[in-house]
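Asks: Give me coordinates for this.
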Amino acid sequence: EVPQTQQGDIGAKDIPSWRRICKVLLNNDYWCRALSFSPTKAKNYQRYNERIKGKRQEWGILCNND
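Replies: The predicted model follows:
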């Protein structure tokens, strides 16, 4: 649960607050970097995709059995 107010909330990235969430929305911060989020690194995403493809072939779902 995100509190309405936090003692000592000066916009630092260590305290969650509705103030920071509003700033993200107002600035159109797509990746929510002001909330300490970042886009997934391409290398990690590629590894994830390879793992999922292997599992899908193992399970026999959503794969191309050429």
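Asks: For the strand or helix carrying residue 57, what does the pLDDT average out to?
Replies: Assigned by DSSP states H and E, residue 57 belongs to helix 42-59. The predicted model assigns helix 42-59 a mean pLDDT of 90.
Asks: Figure out how far that helix is from the centre of its chain.
Replies: Offset of helix 42-59 from its chain centre (C-alpha atoms, centre = their mean, to the nearest Å): 18 Å.
Asks: Export it to CSV, keeping only CA atoms.
Replies: The C-alpha trace of helix 42-59 is given here as CSV (Å, rounded to 0.1, in the frame of the first residue of the first chain):
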residue,chain,number,x,y,z
ALA,A,42,18.0,-7.1,-24.3
LYS,A,43,20.4,-9.9,-23.3
ASN,A,44,18.1,-11.0,-20.4
TYR,A,45,15.0,-10.8,-22.5
GLN,A,46,16.7,-12.9,-25.2
ARG,A,47,17.6,-15.6,-22.7
TYR,A,48,14.0,-15.5,-21.4
ASN,A,49,12.6,-16.0,-24.9
GLU,A,50,14.9,-18.9,-25.6
ARG,A,51,13.9,-20.5,-22.3
ILE,A,52,10.2,-20.1,-23.1
LYS,A,53,10.6,-21.5,-26.6
GLY,A,54,12.3,-24.6,-25.1
LYS,A,55,9.5,-25.0,-22.6
ARG,A,56,6.8,-24.6,-25.3
GLN,A,57,8.5,-27.3,-27.4
GLU,A,58,8.8,-29.5,-24.4
TRP,A,59,5.1,-29.0,-23.6
